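> what follows is a predicted structure for the sequence shown.
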Amino acid sequence: MTDLAEQIIEMMQKASSMEPELDTLGMYFYLDVNGVCGSGAGSFLWFDDREEFLQMARYVCWMFPSYTGEYDEDLLVENGRIIDAYLQDQISLDEARAQINELMAGLVQVPWWGTIKDMLKGQEEFSAETRETFWEMIEEMRQDCEFEEGDFEYDIEITSKDMPIPETLADEFRAWLVSHFEA
């Protein structure tokens, strides 16, 4: 299984260095382990196509070995079973993610997967919190800089901190997302 573990590491390296477009499939993961071991440390992974994305989703449980330093083959089989259920239209992609997160509690969690375009309006917690952080950055820019009325390119009324990102700011949101979450 060492070859598979090495292949997964290579996939992660490629996916973490990719510059995403609005329609690029991606996932955000974080370590769900003891704080001493890096709990909460996370990153985005981006994929060229649906096949690469699903391959990583199938192997997400092996992105990092358990605290014992060993890879759990039973975990890998169960993770694969969940992705197979999705591919056979037995569960949705969100249900697959929820089941994988339950399976991997205490190891790795995936609070979001989809495209940046999905995140612009997505109602799940991770998308809403990410947009909230983006809008807070916009508010800080407004307060830190003096602009004449109409001169600020982000001159949008922010009605709620998690409000959808308008299409006119989609590319700016994408660029911010990539730079904000850089490893």
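Now that the structure is in, tell me what you want to look at. Predicted model, so just to flag it, every value in this text is computed and none were measured.
> so, low pLDDT: which residues of the protein?
1-2, 33-40, 64-71, 146-155, 183 (pLDDT under 70).
> please enumerate the helices of the chain.
Per DSSP state H, the chain carries helices over the ranges 2-17, 50-59, 73-87, 93-103, 116-121, 125-144, 170-180.
> contact partners for the residue most central in space within the chain?
Nearest to the geometric centre of the chain sits residue 28, at 2.0 Å (C-alpha atoms, centre = their mean). Contacts for residue 28 (C-beta atoms under 8 Å, 6 or more residues apart in numbering) come out as 42, 43, 44, 45, 110, 111, 112, 113, 126, 181. Placement of C-beta: from N, CA and C, glycine included.
> wait, which of the helices of the chain is closest to residue 24?
Closest approach to residue 24 among the helices of the chain is made by helix 116-121 (6.8 Å; C-beta to C-beta).
> list the buried residues of that closest one.
By neighbour count with 16 or more other C-beta atoms under 10 Å, helix 116-121 contains the buried residues 116, 117, 118, 119, 120.
> please apply the same query to stretch 16-33.
In stretch 16-33, counting by 16+ other C-beta under 10 Å, buried: 18, 20, 24, 25, 26, 27, 28, 29, 31, 32, 33.
> likewise stretch 163-170?
Residues of stretch 163-170 classed as buried: 165, 169 (neighbour count, 16+ other C-beta under 10 Å).
> quick one: terminal-to-terminal distance for it?
13 Å (C-alpha to C-alpha, to the nearest Å).
> for the remainder of this discussion, apply numbering that starts at 16.
Yes, from this point I'll number from 16; that puts the last item at stretch 178-185.
> who touches it?
37, 131, 132, 134, 135, 136, 146, 149, 150, 169, 171, 188.
> output those residues in JSON lines; the columns should cover distance to residue 108.
Shown next, in JSON lines, are the contacts of stretch 178-185 (distance: C-beta to C-beta, whole Å):
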{"residue": "37", "distance to residue 108": "18"}
{"residue": "131", "distance to residue 108": "16"}
{"residue": "132", "distance to residue 108": "15"}
{"residue": "134", "distance to residue 108": "14"}
{"residue": "135", "distance to residue 108": "18"}
{"residue": "136", "distance to residue 108": "17"}
{"residue": "146", "distance to residue 108": "20"}
{"residue": "149", "distance to residue 108": "24"}
{"residue": "150", "distance to residue 108": "27"}
{"residue": "169", "distance to residue 108": "32"}
{"residue": "171", "distance to residue 108": "31"}
{"residue": "188", "distance to residue 108": "22"}
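> any idea which of those is closest to residue 97?
Once C-beta to C-beta is applied, the member of those that ends up nearest residue 97 is residue 134, at 22.6 Å.
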